[in-house]
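Chemist: structure of the sequence below:
(3 chains)
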Amino acid sequence: MPELPEVETIARGLQNKVSGKTIQDIRVRYSKIFRDCCGQPYLEEERKQLIASLTGKTIKAVTRRAKYLLFDLGDILLVSHLRMTGRFSSDPEYVDKKHTHVVLTFTDGSVLSYNDTRKFGTIQIITCEEERLKTTMSRSGIEPLSDAFSADYLFDMLKQSKRNIKAFLLTQESIAGIGNIYADEILFFAAIDPKRRANSISEEEAIKLHRGIKEKLMMGIASGGASILTYVNESGDKGAFQELLQVYGKKGCHCQICNQKLLTETVAARTTTYCPYCQT
DNA sequence: ACTGATCCCTGCCAGC
DNA sequence: TGCTGGCAGGGATCAG
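Modeler: From the prediction side, this is the model:
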């Protein structure tokens, strides 16, 4: 399940693989993947027109914002969210695979496939600035790896929120790009109980939390992402961050610091694993 | 302002 | 062995 580090890894890979390439042909097998700026499926006629309009366009760049992949086609922007199981692959073998829903063929003969087992992922076709502003992507919060995201900034945000800290970290409108895996790892690093109210976090704790957010996300990127379920980058390589996980998915395991048994419970409607002794 | 339920969808696993 | 039902999962959205 791709979070910020995984999406960043994919964006960098795709930038190398497909930027500069011109779309010659598009094959769509499951059309609901394509959505308008509000996330709604298109009516058939409009969808056909929009997809046809992509032919001949050149991919100028592939970048990331929050957990979204952005394909800059000049006057059109493709905004893709991979959700749980979405993946882009430049491997020709993916073209005919089960669950491959969209295949782009470029003028140089190479291909890019969108494959998504659970079909939760989406590709929005954005044709103007007005549409872009309507996307949930544009409502994403601060980029946690940007310089603007300082410990002071985080502490101010925390003071204004009464939600539990896990829910706070998962809310994309606050901080963009953190999902369940990194939220659990960050809270373990910062030694904070996931159920604590955000506004109960002290300045000292906020500084540690801020460091945890930056470090865990950067570690994720440095190791090519965490391959938990099905995540692979655009070349099909797995990441290595899953080997560095300390609490996520470690139900029943023992804390690496105090050796007590880790606890798993639902917090903010997500499976949450933490150390009840170290995280207070 | 926040919480909880619902929806999207398939694979997987426990239980029969 | 084969079937079925329930669950997981990110996040938008809606009701309370």
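Chemist: list the contacts for A:Phe71?
Modeler: Contact partners of A:Phe71, counting by CB atoms under 8 Å, 6 or more residues apart in numbering, are A:Leu14, A:Ile59, A:Val62, A:Leu77, A:Leu78, A:Val79, A:Ser80. C-beta coordinates here come from the backbone N, C-alpha and C atoms, glycine included.
Chemist: make JSON lines out of those residues and add distance to A:Thr272, neighbour count and pLDDT.
Modeler: Shown next, in JSON lines, are the contacts of A:Phe71 (distance: CB to CB, whole Å; neighbours: other CB atoms under 10 Å; pLDDT from 0 to 100):
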{"residue": "A:Leu14", "distance to A:Thr272": "32", "neighbour count": "23", "pLDDT": "94"}
{"residue": "A:Ile59", "distance to A:Thr272": "39", "neighbour count": "22", "pLDDT": "97"}
{"residue": "A:Val62", "distance to A:Thr272": "33", "neighbour count": "23", "pLDDT": "96"}
{"residue": "A:Leu77", "distance to A:Thr272": "35", "neighbour count": "20", "pLDDT": "95"}
{"residue": "A:Leu78", "distance to A:Thr272": "34", "neighbour count": "20", "pLDDT": "95"}
{"residue": "A:Val79", "distance to A:Thr272": "29", "neighbour count": "22", "pLDDT": "94"}
{"residue": "A:Ser80", "distance to A:Thr272": "28", "neighbour count": "25", "pLDDT": "94"}
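Chemist: just the ones of the residues you listed in helices?
Modeler: A:Leu14 (DSSP state H).
Chemist: tabulate the contacts of A:Phe71 in TSV, adding columns for distance to DNA strand B.
Modeler: Formatted as TSV, the contacts of A:Phe71 follow (distance: CB to the nearest atom of the strand, whole Å):
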residue	distance to DNA strand B
A:Leu14	24
A:Ile59	27
A:Val62	25
A:Leu77	23
A:Leu78	20
A:Val79	17
A:Ser80	15
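Chemist: keep only the contacts of A:Phe71 that also lie close to DNA strand C.
Modeler: Of the entries in those, none also sits close to DNA strand C under the rule CB under 7 Å from any atom of the strand.
Chemist: all strands in the stretch 1-150 of chain A, in order from the N-terminus.
Modeler: Under the criterion DSSP state E, counting those that start in this stretch, the stretch 1-150 of chain A contains strands at A:23-28, A:34-35, A:61-65, A:68-72, A:77-81, A:86-89, A:100-106, A:111-116, A:122-126.
Chemist: which one of the ones you listed is the most hemmed in?
Modeler: Neighbour counts (mean count of other CB atoms under 10 Å) averaged over each of these peak at strand A:86-89, with a mean of 25.
Chemist: hmm, that strand in reach of DNA strand C?
Modeler: No. Using CB under 7 Å from any atom of the strand, strand A:86-89 stays clear of DNA strand C, with a minimum separation of 10.0 Å.
Chemist: need the CA coordinates for that strand. PDB is fine.
Modeler: C-alpha atoms of strand A:86-89 as PDB (Å, rounded to 0.1, in the frame of the first residue of the first chain):
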ATOM      1  CA  GLY A  86      -2.600   0.100  -7.900                       C
ATOM      2  CA  ARG A  87       0.700  -0.100  -9.700                       C
ATOM      3  CA  PHE A  88       2.200   1.300 -12.900                       C
ATOM      4  CA  SER A  89       4.600  -1.000 -14.800                       C
END
